[in-house]
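Participant: generate coordinates for the sequence data below:
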Amino acid sequence: MLDLAEVLRGNSYPGRGIVVGKDRVYYWIMGRSTNSRNRVFVATDDGIRTEAHDPSQMEDPSLIIYHPVRTMGDDLVVTNGDQTDTIVERGSFRDGCMAREYEPDGPNFTPRISSIIHPDGSFEISILKHQSGRCLREFFCYEGVDEGEGYFISTYQHDGNPLPSFAGEPLRVSVPDPATVWSALDEDNKVSMYANVAGQVTLFNKNLGD
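Facilitator: Numbering: from 1, shown residues only. Purely as a prediction, here's the structure:
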């Protein structure tokens, strides 16, 4: 089992990431461009959304302004894009993911990563990624996870040009507290992080001094 903090410290740009543990969920965003870095997480009635930190500096809101976290009945949906809304509107994690594909930002073709966490502790993780001009949709289902452990997936393997998509199954990792994860993310590229620990939500925003 890998140590999540060590994995992140050794990777300057995993991109957006989701971690699902026994009693916690983490989601973060990173950015290399001024437009991507000009964001904060804000709370909504049923989760969170991204907003421009300085609206006057916003260039293109597509792909960077969305609801990463929403509730769907008793379930919690966490994704890296507006597929959150598709999943909730369809009332089905699988149907929502099957209706979408990777992001249209060639040559990176950023994967869409999504998760749904059920009240009984079981959860699913999905990745939709570009493969030979088609969309490969992968689903991973877990009955649960032990205390202190979790599963981690990100959009990219590491920095690059183009950025290499995440490959393989979600990584089984030890999951530290939210502050340790936030600290482990690359200082130049991290933007915001959502942490939900036993229902207690904490937001970290670099643009607000966190």
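Participant: what about the helices in this structure?
Facilitator: For the chain, applying DSSP state H gives helices covering 4-9, 34-37, 83-90, 93-98, 178-184.
Participant: give me the helices and strands touching the fourth one, please.
Facilitator: Just to be clear, that refers to helix 93-98. Contacts defined by 3 or more C-beta pairs under 8 Å, 6 or more residues apart in numbering; DSSP states H and E place helix 93-98 against helix 83-90, strand 112-117, strand 123-131, strand 134-142. C-beta coordinates here come from the backbone N, C-alpha and C atoms, glycine included.
Participant: could you dump these to JSON lines with mean pLDDT?
Facilitator: Shown next, in JSON lines, are the helices and strands packed on helix 93-98 (pLDDT from 0 to 100):
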{"stretch": "helix 83-90", "mean pLDDT": "98"}
{"stretch": "strand 112-117", "mean pLDDT": "98"}
{"stretch": "strand 123-131", "mean pLDDT": "98"}
{"stretch": "strand 134-142", "mean pLDDT": "98"}
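Participant: want to throw those into a markdown table with mean neighbour count and distance to Tyr66?
Facilitator: Formatted as a markdown table, the helices and strands packed on helix 93-98 follow (neighbours: other C-beta atoms under 10 Å; distance: least, C-beta to C-beta, whole Å):
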| stretch | mean neighbour count | distance to Tyr66 |
| --- | --- | --- |
| helix 83-90 | 20 | 7 |
| strand 112-117 | 24 | 11 |
| strand 123-131 | 21 | 15 |
| strand 134-142 | 14 | 19 |
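Participant: out of those, nearest to Asp188?
Facilitator: strand 112-117 (22.0 Å; C-beta to C-beta).
Participant: is it true that Val77 touches Arg70?
Facilitator: Yes - applying C-beta atoms under 8 Å, one finds Val77 in contact with Arg70, separated by 5.2 Å.
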